[in-house]
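Chemist: Sequence first, then the predicted structure:
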Amino acid sequence: MFSSKRFRFVAVLLALLVMVTPAYANISNTSKSVQFQSDATQVVVPAGEPIKIGLGTDLSNVLAAPGQDIANGGRVAVLDRNEAGGIQGFQVELDVQDDRCVGEDATNVANLFASDPQVVAVVGHVCSGATSAAIDVYVQARIPSVSPSSTAAFLPAKGYDTFNRVAFTDEAQGTVDARYIYNVLGATTLAVVHDNSDYGKGLAETVAAVYAELGGTVANGGELLVISSDEQDYRAVLTTLAAEPPAVLFFAGYELQAALLVSQMKEVGLADTIFMSDDGTYTQGYLDAAGEAANGSYASFVDTSSFADAEALEAFKARYETEFGVAPDELGPYHAHAYDAANIIMNAIETVATVDADGNLVINREELILAIRNTTDYAGLTGTLTCDPATGECGAGVISMNLVEDGAWVSVEVPAELQFGADAEGDGGEAAMGDYATVVDAVAGQANLTTLASVLPMAGADAVAALTGEGPFTIFAPSDEAFNTFMAANAELVNQALADPTILSGLLLYHVVPGNITLADLAAGELTTVNGAPLTVAVDGDTVTINGMYTITTADILAGNGVVHIIDGVLVPPTE
């Protein structure tokens, strides 16, 4: 038995470390005002009426043009589907609502959709903070959503089976950004600034942590600099860097603030500092707002040259321009992702919907949620997309880097070895020393440690530094699959844990043992974690059992500063 105190300690840790697909019938979130649909199990579309899909986007705030671009991309998908006969003879209607890229507004939009019993699914939302707020409503109302552009790493960690996205993740984007800065630009000093949004903060933390892991120095004593999107003058923040100008300034945020920063850098003594940003800045709006100051700056995005069907993409762009009178690239970069998000939803509806004896179209909500999660080999504009049934990650492609030259974005090469997961196939088998620089890289290289890999950057610089130093360290890493049953029974703890993510830094080290503990060393019988917890070890042939209950499932995975062992559960020492 475990004491209640110990059980709560471990349960919170599990909630932070796991992305799974449990049942959510009992989840409650008292911070949200949710209006449940009149029929929580199915949508019945009367003959002659349209199938309603919502779309939540920013139409009037920080990403008004890119948000409109996403709405237009979704509209083209619906136009194409309706012209092809709709879904089993029923036309599709897209209800576009403005969430202003703000959590509170997104909650209102989500409640609006949830209050309409005919809304079957949602394309969106666009900003990660807005998406985070909205999906708290959707998981209770059992409305599946597919975001075209919310890239924050923490979103799948909420564990909601209704959440999906076709965008890449900031874990990948931030890793490639940091590697590019250090290896290609050759920068040994980096300032990191963010806009204090969920998206900006998470991406900034990833860039800073990976850059420090590579050996670079993060300016401002390693602390991230924060600006407010409500302000216009960032000179005071920038001036703090002028005495010792960093080689590169990375900004995690959106186009308008990026344009202000890059313009004001020239005025405070940072004219020689390279400016780099992210997918929120890879827009025509940034170029227009920054003018000549944008020249020489960088922004990352998904590599559009890897999109699977160039002919289909060109046909889409032509129709988009015909319908809306503007080329899609003039508004934003995520139009193709929006098209794919809408089509994944419509394809799933086609799969699960049935026509009853009265000619009504009947769509079972739970079946639709599963159908979206089980999307396989969808030939989309952005690539061939397959959704991870455990996380809702459906995106394809690799990260690209783009440079502003003469007022236009130009794609520049990113060496293959800098891509996220490069040199780490992650098949769970044995790897030779040197295949991974650190145990953090080794974790990122394993296909069944996606949860741990995604939350490592969220743990803060101190915890990451503890695993990227000289070592050696050994991590007993819990697999994704191991926690499904636990999370299904303790879903309420997810919200509690995510509400206080600072505890992750301390709890993370509970899985770490000092020393280079290989499989051969485990026969010693007992180990002690860096937190002082004793671990009993039993070896029986090729089977290694920890604390009498958890079995190691891989051979040694070796890195330059330690070893990773994957186990089928989380280390839980018995309570006296």
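Modeler: Received the coordinates, thanks. What you see is a predicted model; the values in this text were computed from it and never measured.

Chemist: Which residue lies closest in space to the spatially most central residue of the chain, excluding its sequence neighbours?
Modeler: When C-alpha atoms, centre = their mean is applied to the chain, the residue found nearest the centroid is residue 153 (3.1 Å). In this structure, residue 153 finds its nearest non-sequential neighbour in residue 171, 4.3 Å apart by C-beta to C-beta, 6 or more residues apart in numbering. Using the backbone N, CA and C atoms, a C-beta is placed for each residue, glycine as well.

Chemist: just the helices in the stretch 51-200 of the chain please.
Modeler: 64-83, 103-114, 128-141, 170-179, 198-214 (DSSP state H, counting those that start in this stretch).

Chemist: again with the stretch 301-450 of the chain
Modeler: Using DSSP H, counting those that start in this stretch, the helices of the stretch 301-450 of the chain run over 310-324, 335-352, 365-373, 439-444, 450-455.

Chemist: Include mean pLDDT, distance to residue 481 and mean neighbour count when you put these into CSV, please.
Modeler: As requested, the helices of the stretch 301-450 of the chain are arranged in CSV below (pLDDT from 0 to 100; distance: least, C-beta to C-beta, whole Å; neighbours: other C-beta atoms under 10 Å):
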stretch, mean pLDDT, distance to residue 481, mean neighbour count
helix 310-324, 94, 35, 14
helix 335-352, 98, 24, 25
helix 365-373, 97, 15, 21
helix 439-444, 79, 16, 26
helix 450-455, 72, 10, 25
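
Chemist: Output those in a markdown table, with distance to residue 135 appended to each entry.
Modeler: Conversion of the helices of the stretch 301-450 of the chain to a markdown table gives the following (distance: least, C-beta to C-beta, whole Å):
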| stretch | distance to residue 135 |
| --- | --- |
| helix 310-324 | 27 |
| helix 335-352 | 14 |
| helix 365-373 | 12 |
| helix 439-444 | 25 |
| helix 450-455 | 16 |
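
Chemist: closest to residue 53 out of the ones you listed?
Modeler: helix 335-352 (6.1 Å; C-beta to C-beta).

Chemist: which residues does the nearest residue to residue 400 once chain neighbours are set aside contact?
Modeler: With sequence-adjacent residues excluded and distances taken as C-beta to C-beta, 6+ apart, residue 400 is closest to residue 303, at 3.8 Å. Listed by C-beta atoms under 8 Å, 6 or more residues apart in numbering, the contact set of residue 303 reads 397-400, 411, 414.

Chemist: Residue 69 too?
Modeler: 328, 331-335, 338 are the contacts of residue 69 under C-beta under 8 Å, 6+ apart.

Chemist: Averaged pLDDT, stretch 480-497. What do you get?
Modeler: Taken as a whole, stretch 480-497 has a mean pLDDT of 60.

Chemist: Also stretch 106-123?
Modeler: Stretch 106-123 shows a mean pLDDT of 97.

Chemist: Can you get me the start-to-end distance on that stretch?
Modeler: Taking C-alpha to C-alpha, to the nearest Å, the span from the opening residue of stretch 106-123 to its closing residue is 13 Å.

Chemist: Show me this structure divided up by domain.
Modeler: 4-12+423-567, 19-168+308-385, 171-304+398-416 (automatic domain parsing).

Chemist: Now that we have those domains, can you turn them into JSON lines and tack on distance to residue 392?
Modeler: Shown next, in JSON lines, are the domains of the chain (distance: least, C-beta to C-beta, whole Å):
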{"stretch": "domain 4-12+423-567", "distance to residue 392": "12"}
{"stretch": "domain 19-168+308-385", "distance to residue 392": "4"}
{"stretch": "domain 171-304+398-416", "distance to residue 392": "15"}
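
Chemist: Quickly, which of those bottoms out on average pLDDT?
Modeler: Looking across these, the weakest by mean pLDDT turns out to be domain 4-12+423-567, at a mean of 68.

Chemist: Residue 87 contacts residue 81, doesn't it?
Modeler: Yes: shown here, residue 87 and residue 81 form a contact pair, counting by C-beta atoms under 8 Å, at 7.0 Å.

Chemist: Next, show the common contact partners of these two.
Modeler: Contact with both residue 87 and residue 81 is made by residues residue 346, according to C-beta under 8 Å, 6+ apart.

Chemist: Check the contact between residue 405 and residue 295; I expect there is one.
Modeler: Yes: Residue 405 is in contact with residue 295 according to C-beta under 8 Å; the separation is 6.7 Å.

Chemist: Which of these two has more residues huddled nearby?
Modeler: Between residue 405 and residue 295, residue 295 has the larger neighbour count (other C-beta atoms under 10 Å), namely 15 against 12.

Chemist: residue contacts, the more buried one?
Modeler: With contact set as C-beta under 8 Å, 6+ apart, residue 295 has these partners: 404-407.

Chemist: And residue 372, by the same measure?
Modeler: Here residue 372 is in contact with 121, 144, 146, 164, 344-345, 348, 387, 392 (criterion: C-beta under 8 Å, 6+ apart).

Chemist: which one of the residues you listed is nearest residue 257?
Modeler: Ranking those by separation from residue 257, with C-beta to C-beta as the measure, puts residue 146 on top at 27.2 Å.

Chemist: Please list all residues in contact with that closest one.
Modeler: Contact criterion C-beta under 8 Å, 6+ apart gives 121-124, 164-166, 341-342, 344-345, 372, 394 as the residues in contact with residue 146.

Chemist: and the residue nearest to the centre of the chain, what are its phi and psi?
Modeler: For residue 153, the backbone dihedrals are phi -70, psi -30 (criterion: degrees, to the nearest 10).

Chemist: cool, residue 392 as well?
Modeler: Dihedral angles of residue 392 (phi, psi; degrees, to the nearest 10) stand at phi 80, psi 10.

Chemist: I'd like to know the beta-bridge partner residues of the spatially closest residue to it that is not a sequence neighbour.
Modeler: Leaving aside its sequence neighbours, residue 392 sits nearest to residue 164 (C-beta to C-beta, 6+ apart; 3.6 Å). When assigned by DSSP bridges, residue 164 has beta-bridge partners residue 146.

Chemist: For residue 265, find the nearest of the helices of the stretch 301-450 of the chain.
Modeler: Evaluated over the helices of the stretch 301-450 of the chain, closeness to residue 265 peaks at helix 335-352, with 30.2 Å, by C-beta to C-beta.

Chemist: Output that closest one in CSV with nothing but the alpha carbons.
Modeler: What follows is helix 335-352 as a C-alpha-only set of coordinates in CSV (Å, rounded to 0.1, in the frame of the first residue of the first chain):
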residue,chain,number,x,y,z
HIS,A,335,-3.9,28.1,-45.3
ALA,A,336,-2.9,24.6,-46.4
HIS,A,337,-2.9,23.4,-42.9
ALA,A,338,-6.4,24.8,-42.4
TYR,A,339,-7.5,23.0,-45.6
ASP,A,340,-6.1,19.7,-44.3
ALA,A,341,-7.6,20.2,-40.8
ALA,A,342,-11.1,20.7,-42.3
ASN,A,343,-10.7,17.7,-44.6
ILE,A,344,-9.6,15.4,-41.8
ILE,A,345,-12.8,16.3,-40.0
MET,A,346,-15.0,15.8,-43.0
ASN,A,347,-13.3,12.5,-44.0
ALA,A,348,-14.0,11.2,-40.4
ILE,A,349,-17.6,12.3,-40.6
GLU,A,350,-18.0,10.5,-43.9
THR,A,351,-16.6,7.4,-42.2
VAL,A,352,-18.9,7.3,-39.2
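
Chemist: Does anything pack onto it? Which helices or strands?
Modeler: Contacts of helix 335-352 with other secondary structure elements, assessed using 3 or more C-beta pairs under 8 Å, 6 or more residues apart in numbering; DSSP states H and E, are made with strand 51-57, helix 64-83, strand 119-123, strand 145-147, helix 310-324, strand 361-364, helix 365-373, strand 378-380.

Chemist: residue contacts, residue 346?
Modeler: For residue 346, the contacting residues are 53, 77-78, 81, 87, 92, by C-beta under 8 Å, 6+ apart.

Chemist: Need the max-distance pair from the residues you listed.
Modeler: Maximum distance among those (C-beta to C-beta): 12.2 Å, for 77 and 87.
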